[in-house]
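In: Model the structure of this input:
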Amino acid sequence: MIQQLLDLFRQEARSEWVRLRTLITLRWLAIAGQTGAVLTALLFFHLQLHVGLCFFAIGISVVFNLMASFVLPENKRLTEQQTLLTLLFDVSQLAFLLYLTGGLHNPFALLILVPVTISASALTLGSTLIISATAIVLITALAFAFVPLQSAAGNILVMPPLFQLGIWIALVIGLLFLSAYARRVTSESFSMSEALAVTQMALEREYALSALGGVVAAAAHEMGTPLATIKLVSSELAEELESNPELRDDALLIKAQAERLAQILRDMGQTGKDDLQSKSIPFSTLVQQAAEPHKNRGIQVHYFEKGKLLNESSEQVPFVTREPEVVHGLRNLVQNAVDFAASEVWVDIEWNDTQLRVIISDDGRGYPAELLGRIGDPFIWGRSGRKTPDSARPSYEGMGLGLFIAKTLLERRGAEIVFANGSKRSSTLGGAVVTATWNRQDIEKSKSEVRAALGPNQPNPN
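Out: Below you'll find the model as predicted:
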């Protein structure tokens, strides 16, 4: 709970969200409500009010709104300082009107919470504290200084002191609670929107890389024939230029370079063809491909199938579709394990008749206990739980985005993600463990679908 409160006050909301049109519209609604309340008190309840001063206070808001509408464009987004001053005006205007109409004895006193809530939703912590402190000071002043409400018969309408104290306490607590709650929700929404934007960028990159393999294969196939022609012509020229050694060497150089380029294209074509084939691949192969970028980073990555080393297993691994979301999600999970492992990472692949599961564990320190329930949320600062470089990885400073992206992408493809501590393969029973589980019927490809996906792959003619 304490950690959540600290996070709440560390986070900064954006201060340029509010459009002038929004505040103008809200203020017109407030003006209409205030006018209606004053007229109702006069005409229906026959209360004695300082009518001139009440409408003067309302008129100030009208003038403010008209000036803002004519001087500035309505679609203007206010700066931090402009929004702060506008909300301070609203708080002060409402407090003055409440002073004229009974102070805290007026049931509409709770409306003073509105500007504070807007500030907590749209402004930074400093501005929110200024608005909140001003509102609390004004509420306290209204508890002692106000013009009492009087009935037509001259009776003073006031609450007992105990009730008045309760109203003051309720307003102060409500102000603090609503501002903290609004700030928490807004900060989380903003963080989530930023993190989702990063996730979308990562997913688009993975889709682009997946499509690139097919383009490479097509290019390699199309350039094969011209290169074969170049090699043939250069060979014939070399034979005809035996009497001219310099020109013959040039022809042989052209032939050698053409052969080298043909070999490069063959390798690229095979990679592209493999990519086309891997639209439906064994699940263990997909996991290995996802972890490929992190296998040479000084940490040993071991693969197991149903408890046996991958190269020793004879099990028939389920075939799955090579989805970019699954590849990128698993890659981020492996990266996180490698980043924090002491020396080893274990990737266990398990399945039964109904489920397919990947368990990624390491021999590091594991997730901090206070953050374990929040793993997978964006912008939590690394495994150390603070915005400082991790002591085990001095150059590492994480924000939780990698695990958030992995969790989001894998859950989009039907996975259930569980984060825990205590690797069974680690000798110290420490380390982090993340488990991704799918229903087999949602991710597995049947044999007929696999054959259809592979198709008649034609060999490169060169």
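In: What about Ser119, how many residues nearby?
Out: For Ser119, the count of nearby residues is 31 (other Cβ atoms under 10 Å). Heads up, the C-betas are built off the backbone N, CA and C, glycines and all.
In: ok, it touching Leu87?
Out: Yes. At 5.4 Å, Ser119 counts as touching Leu87 under the criterion of Cβ atoms under 8 Å.
In: between the two, what contacts are shared?
Out: Ile131 (Cβ atoms under 8 Å, 6 or more residues apart in numbering).
In: What ranges does the stretch 301-450 of the chain have for its strands?
Out: Ranges of strands in the stretch 301-450 of the chain, per DSSP state E, counting those that start in this stretch, are 308-309, 319-321, 344-351, 355-362, 416-421, 432-439, 444-445.
In: elements contacting the second one?
Out: It stands for strand 319-321. In this structure, strand 319-321 makes packing contacts with strand 280-282, helix 283-291, strand 444-445, helix 447-454, judged by 3 or more Cβ pairs under 8 Å, 6 or more residues apart in numbering; DSSP states H and E.
In: Strand partners (parallel or antiparallel) of that strand?
Out: The pairing partners recorded for strand 319-321 under DSSP bridges are strand 280-282 (antiparallel), strand 444-445 (antiparallel).
In: now swap in the third one and tell me
Out: Listed by DSSP bridges, the sheet partners of strand 344-351 and their directions read strand 300-305 (parallel), strand 355-362 (antiparallel).
In: Please name whichever of the strands of the stretch 301-450 of the chain is nearest to Cys54.
Out: strand 416-421 (58.8 Å; Cβ to Cβ).
In: List the strands paired with that closest one, with their directions.
Out: As assigned by DSSP bridges, strand 416-421 forms pairs with strand 432-439 (antiparallel).
In: Pull out the buried positions in the strand it pairs with.
Out: 432-438 (16 or more other Cβ atoms under 10 Å).
In: and the angle for that strand with helix 283-291?
Out: Using axes from the mean of the first three to the mean of the last three Cα atoms, to 10 degrees, the direction of strand 432-439 lies 130 degrees away from that of helix 283-291.
In: any residues touching strand 432-439, and which ones?
Out: 329-330, 333, 336-337, 340, 354-362, 364, 366-367, 383, 410, 413-423.
In: pLDDT on that strand, on average?
Out: Averaged across strand 432-439, pLDDT comes to 90.
In: May I have it as PDB, with CA atoms only?
Out: In PDB, the C-alpha atoms belonging to strand 432-439 read as follows (Å, rounded to 0.1, in the frame of the first residue of the first chain):
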ATOM      1  CA  ALA A 432      12.300 -15.900 -11.600                       C
ATOM      2  CA  VAL A 433       9.800 -18.100 -13.300                       C
ATOM      3  CA  VAL A 434       7.300 -17.100 -16.000                       C
ATOM      4  CA  THR A 435       4.800 -19.600 -17.400                       C
ATOM      5  CA  ALA A 436       2.900 -19.100 -20.600                       C
ATOM      6  CA  THR A 437       0.000 -21.600 -21.200                       C
ATOM      7  CA  TRP A 438      -2.200 -22.000 -24.300                       C
ATOM      8  CA  ASN A 439      -5.100 -24.300 -25.000                       C
END
